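Novice: The sequence and its predicted three-dimensional model are supplied below.
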Amino acid sequence: MTKSQGNSVNIEKWLKLIRTDGVGPVTFAKLVKHFDSVDIERG
């Protein structure tokens with residue numbers, strides 16, 4: 001996988017998380033800081 005393809009996957013994950021109901025900018029920042037990533041399970 002090229003670097004740009006890897007970045008595309010990350011961008012999609014960031015967008016899915018930030019567009020999740022109940023997740024605003026503050027919650028988004030807290031989640032990313034807590035998990036050190038956007039790779040968290042959404043239930």
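Specialist: Structure's in. What do you need?
Novice: right, and the helix or strand after the helix or strand of the chain with the lowest mean pLDDT?
Specialist: Among the helices and strands of the chain, helix 3-18 carries the lowest confidence by mean pLDDT, DSSP states H and E, at a mean of 75. Sequence order places helix 25-35 as the next helix or strand after helix 3-18, per DSSP states H and E.
Novice: How far away from the center of its chain is that following helix?
Specialist: Taking C-alpha atoms, centre = their mean, to the nearest Å, one finds the center of helix 25-35 at 9 Å from the center of the full chain.
Novice: average pLDDT for it?
Specialist: Helix 25-35 shows a mean pLDDT of 89.
Novice: buried stuff in that helix?
Specialist: 28, 31 (16 or more other C-beta atoms under 10 Å). For every residue, glycine as well, the C-beta is placed using N, CA and C.
Novice: Need the three-state assignment for Ser37.
Specialist: coil (DSSP: H, G, I helix; E, B strand; the rest coil).
Novice: Who are the contact partners of it?
Specialist: Residues near Ser37 by C-beta atoms under 8 Å, 6 or more residues apart in numbering: none.
Novice: Please report how far it lies from Phe28.
Specialist: Relative to Phe28, Ser37 is positioned 12 Å away (C-beta to C-beta, to the nearest Å).
Novice: try Leu15
Specialist: 11 Å.
Novice: Now do the same contact list for the closest residue to Asn10 other than its chain neighbours.
Specialist: Once flanking residues are discounted, Asn10 sits nearest to Val38: 6.9 Å by C-beta to C-beta, 6 or more residues apart in numbering. By C-beta under 8 Å, 6+ apart, the contact list for Val38 reads 10, 13-14, 17, 31-32.
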